[in-house]
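Student: would you be able to build a 3D model of this:
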Amino acid sequence: MTEIMDLANWCFSERERLHERLDCLKDGRMCIKERLGMDWTDVTIEAIDEIEHSIGALDQLLMRYGRGYYDNAHHPLHTM
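Tutor: Here you go, the predicted model:
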């Protein structure tokens with residue numbers, strides 16, 4: 001049972017970290033560029049999509065283990 005709680009705590013912390021990064025990317029405070037040859041290409045949109053997918057996967061794990069779900073609009077944890 002301790003392992004499940006450790007996993008849930010990690011998921012919750014990781015979700016918070018990812019959401020902070022997502023907010024920075026969406027607000028334009030941060031961007032992600034990838035070097036292709038001699039040029040740099042903005043891959044911020046792709047990164048946003050990946051982060052949103054990761055947050056969704058973490059939400060599913062947290063729901064499965066009884067920690068609630070994450071409201072992406074306001075960032076609070078809602079317990080079930």
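Student: buried residues in stretch 13-23?
Tutor: Neighbour counts using 16 or more other C-beta atoms under 10 Å place 15, 18-19, 22 of stretch 13-23 among the buried residues. Yep, even glycine has a C-beta here, placed from its N, CA and C like the rest.
Student: repeat for stretch 33-45
Tutor: Taking 16+ other C-beta under 10 Å as the basis for neighbour counts, none of the residues of stretch 33-45 comes out buried.
Student: residue 35 in helix, strand or coil?
Tutor: Secondary structure, DSSP: H, G, I helix; E, B strand; the rest coil: residue 35 is strand.
Student: now do the helix or strand harbouring residue 8: distance to the chain's middle.
Tutor: With the criterion set as DSSP states H and E, the secondary-structure element containing residue 8 is helix 2-27. Centroid separation between helix 2-27 and its chain, computed with C-alpha atoms, centre = their mean, to the nearest Å, is 6 Å.
Student: average pLDDT for that helix?
Tutor: The predicted model assigns helix 2-27 a mean pLDDT of 89.
Student: which of the buried residues of stretch 13-23 lies closest to residue 65?
Tutor: Nearest to residue 65 among the buried residues of stretch 13-23: residue 15, at 12.8 Å, using C-beta to C-beta.
Student: any idea how far that closest one is from residue 32?
Tutor: Counting by C-beta to C-beta, to the nearest Å, the gap from residue 15 to residue 32 is 19 Å.
Student: and if you look at residue 13?
Tutor: Note on residue 13: its distance to residue 32, by C-beta to C-beta, is 22 Å.
Student: residue 9 now?
Tutor: In this structure, residue 9 and residue 32 are separated by 28 Å, where distance is defined by C-beta to C-beta.
Student: more neighbours: which of those two?
Tutor: Residue environment comparison for residue 9 versus residue 32 gives the larger neighbour count to residue 32, 15 against 11, counting by other C-beta atoms under 10 Å.
Student: the nearest residue to the more buried one once chain neighbours are set aside: neighbouring residues, count only.
Tutor: Setting aside the residues directly before and after it, residue 32 is nearest to residue 47 in space (C-beta to C-beta, 6 or more residues apart in numbering), at 4.6 Å. Other residues near residue 47 come to 17 when the count uses other C-beta under 10 Å.
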